[in-house]
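In: Next input, structure requested:
(2 chains)
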Amino acid sequence: MRPLTEQETKILFEKLANYTTDLKPLIAPLSDAADADRYVFRLIKDRVYYVLLSIANLATSVARDNLASVGVCLGKFTKTLKFRLHITALPILAAHARYKIWIKPNGVMPFLYGSHISKAHVGRWTEDCPSNVGVIVYDMSDNPIGFGVSARSTAEARRLDPTGIVVFRQADCGEYLRDEDTLFAG
Amino acid sequence: MAPQKTRTIKNKHAANKSGTASSKSSKSGSSDGVSKPKKKPTSGPLGKQVKGRTMTDLLKKKKKKIYTEKELGIPQLNMITPVGVTKPKGKKKGKVFVDDKESMGTILAMVQAEKEGQIESKMIKARQMEEIREARRVEAEKKEADKKAKFDETKESLRRKRKRSKASGDDDKGDISEAVSAGTNAKAKKKRVAFA
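Out: Residues are numbered from 1 along each chain as shown, chains lettered A, B, ... in the order given. All right, here's what the predicted structure looks like:
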């Protein structure tokens, strides 16, 4: 387990900034005290974990082979040093979402089974959303169920036929079942 | 090297010994053997040449700086050194981690500003494109409306013409009936002619 390097931190933040408006609360200290606890990013093998500093320090006493996971797994670095967000990062992304899309009840199950979002399933959408930016997907009762990348801008999507794809799926809550084995630790 | 040899040969004993020798130095030694200034002119053009050479050589020697191997910076073994092997001085070995609040904050601010700018420009671009599209659509609609209006106008004018002709008399009708009858007659005639 080790902290991230400068390059890795930059790549991670760039990815997170696609989905969130403000990243500062992510790394802000929990209180005003000088030695206040804060969240940090830790790398175990190729996965990045978002964890409290105190817990990360405690975790150093666990042998490398025995340490499966600590904190929240945000995603993993690929061999080409790109960062891939996992569904486990959803609560962090949803807290400061930049663009949101709400899907109708008839579109929830297809999305949770891994399909992209078609226009027919869209209930509401954040106005002024450009294409190719991160979007957090909610059901109509405001529960985050995944995230994706907008295929078209809001204006373009209005003219689209109902079967046209508006959001490309990146991760959905169905992965908790589908990728149970590899989701938290490789 | 040459001047040294001459000097050694200047020695008296050496001159005596090498009296029969055929070298230039021996010649010069045998000619005077007493003083230097005398010796030089007697040596003639050859001696002068030698002296010139010696001077230039001496000057060259003085200018020439002898470099040590370290100064030249030549690798000890004449082979390529891999990147990992050379260690930069005064630098931390291995990766540099970012774990303190400040550096993380600066990276975050930088990334966020960059992303914000990107998205903003994307939105502006999308809005502009949308405006252009809207303008085009309006123009196309206008053109369509104009076309339709023109078509309607021609239709209306034709109708008016017909009405006028109706009002004026049965000329048109007569014409039409004539034409029709002529057409049928012509056809019939043609047939007859064809089969006859």
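In: Does the closest residue to A:D142 other than its chain neighbours belong to a helix, a strand or coil?
Out: Once flanking residues are discounted, A:D142 sits nearest to A:W102: 7.6 Å by Cβ to Cβ, 6 or more residues apart in numbering or on different chains. From N, CA and C alone the C-beta is placed, and that goes for glycine too. Assigned by DSSP: H, G, I helix; E, B strand; the rest coil, the conformation of A:W102 is strand.
In: number of nearby residues for A:W102?
Out: 19 (other Cβ atoms under 10 Å in any protein chain shown).
In: Thought A:I117 was touching it, still the case?
Out: No. Using Cβ atoms under 8 Å as the test, A:W102 is too far from A:I117 to be in contact (10.4 Å).
In: Tell me what the residue nearest to A:D142 is bridged to.
Out: Counting by DSSP bridges, A:W102 is bridged to A:R124, A:Y138.
In: can you pull the contacts of it?
Out: Shown in contact with A:W102 (Cβ atoms under 8 Å, 6 or more residues apart in numbering or on different chains): A:V122, A:G123, A:R124, A:W125, A:Y138, A:D139, A:M140, A:D142.
In: What separation is there between the last one and chain B?
Out: Translated: A:D142. 24 Å (Cβ to the nearest Cβ, to the nearest Å).
In: Now for the residue nearest to A:K104 when sequence neighbours are not counted: which residues touch it?
Out: Nearest non-adjacent residue to A:K104, counting by Cβ to Cβ, 6+ apart: A:G123, 4.6 Å away. Shown in contact with A:G123 (Cβ under 8 Å, 6+ apart): A:W102, A:I103, A:K104, A:G107, A:M140.
In: what does the model give B:K189 for pLDDT?
Out: We have a pLDDT of 56 for B:K189.
In: no no, A:L23
Out: In this model, A:L23 is scored at 87, pLDDT.
In: Count the neighbours of it for me.
Out: Neighbours of A:L23 under the rule other Cβ under 10 Å: 22.
In: so what's the residue lying closest to it once chain neighbours are set aside up against?
Out: Excluding the flanking residues, the one nearest A:L23 by Cβ to Cβ, 6+ apart is B:L108, at 5.3 Å. B:L108 makes contacts with A:F13, A:L23, A:K24, A:I27, as judged by Cβ under 8 Å, 6+ apart.
In: Quick check: of those residues, which lies closest to A:S61?
Out: Nearest to A:S61 among the contacts of B:L108: A:I27, at 24.0 Å, using Cβ to Cβ.
In: Quick check: that closest one touching A:D37?
Out: No. Here A:I27 does not reach A:D37: they are 11.9 Å apart, not a contact under Cβ under 8 Å.
In: buried subset of the contacts of A:W102?
Out: Burial by neighbour count, 16 or more other Cβ atoms under 10 Å in any protein chain shown: within these this picks out A:V122, A:W125, A:Y138, A:D139.
In: And B:D152, how close does it get to chain A?
Out: B:D152 sits 29 Å away from chain A, going by Cβ to the nearest Cβ.
In: where along chain A do the strands fall?
Out: Here chain A has its strands, by DSSP state E, at A:2-3, A:39-44, A:47-52, A:72-77, A:83-85, A:100-103, A:117-118, A:122-125, A:134-139, A:144-150, A:165-172.
In: Which among those is found nearest to B:D99?
Out: When the strands of chain A are compared by Cβ to Cβ, strand A:2-3 sits nearest B:D99, at 4.1 Å.
In: Which strands or helices does that closest one pack on?
Out: Applying 3 or more Cβ pairs under 8 Å, 6 or more residues apart in numbering or on different chains; DSSP states H and E, one finds that strand A:2-3 contacts strand A:39-44.
In: elements contacting the strand it packs on?
Out: strand A:2-3, helix A:6-19, helix A:24-27, strand A:47-52, helix A:53-59.
In: 10 Å - rerun?
Out: Identification of packing neighbours for strand A:39-44 by 3 or more Cβ pairs under 10 Å, 6 or more residues apart in numbering or on different chains; DSSP states H and E yields strand A:2-3, helix A:6-19, helix A:24-27, strand A:47-52, helix A:53-59, strand A:72-77, helix B:101-168.
In: Any chance you could note which residues of chain B sit beside chain A?
Out: Residues of chain B lying close to chain A by Cβ under 10 Å from any Cβ of the partner chain are B:94-101, B:103-105, B:107-116, B:118-127, B:129-130, B:133-134.
In: Could you pull up the mean pLDDT of stretch B:118-131?
Out: Mean pLDDT, computed over stretch B:118-131, is 90.
In: Dump it to PDB, keeping only the CA atoms.
Out: Extracted in PDB, the C-alpha atoms of stretch B:118-131 (Å, rounded to 0.1, in the frame of the first residue of the first chain):
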ATOM      1  CA  GLN B 118     -13.000  22.400 -21.100                       C
ATOM      2  CA  ILE B 119     -16.600  21.900 -20.200                       C
ATOM      3  CA  GLU B 120     -17.400  25.600 -20.500                       C
ATOM      4  CA  SER B 121     -15.900  25.700 -24.000                       C
ATOM      5  CA  LYS B 122     -17.800  22.600 -24.900                       C
ATOM      6  CA  MET B 123     -21.000  24.200 -23.800                       C
ATOM      7  CA  ILE B 124     -20.300  27.400 -25.600                       C
ATOM      8  CA  LYS B 125     -19.600  25.500 -28.700                       C
ATOM      9  CA  ALA B 126     -22.700  23.400 -28.400                       C
ATOM     10  CA  ARG B 127     -24.800  26.600 -27.900                       C
ATOM     11  CA  GLN B 128     -23.300  28.200 -30.900                       C
ATOM     12  CA  MET B 129     -24.000  25.100 -33.000                       C
ATOM     13  CA  GLU B 130     -27.500  25.000 -31.700                       C
ATOM     14  CA  GLU B 131     -28.000  28.700 -32.700                       C
END
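In: Surely A:R124 and A:V135 touch.
Out: No. Judged on Cβ atoms under 10 Å, A:R124 makes no contact with A:V135 at a distance of 11.9 Å.
In: pLDDT-wise, what's the bottom of the buried ones among the contacts of A:W102?
Out: Lowest-confidence member of the buried ones among the contacts of A:W102: A:W125, scoring 91 (pLDDT).
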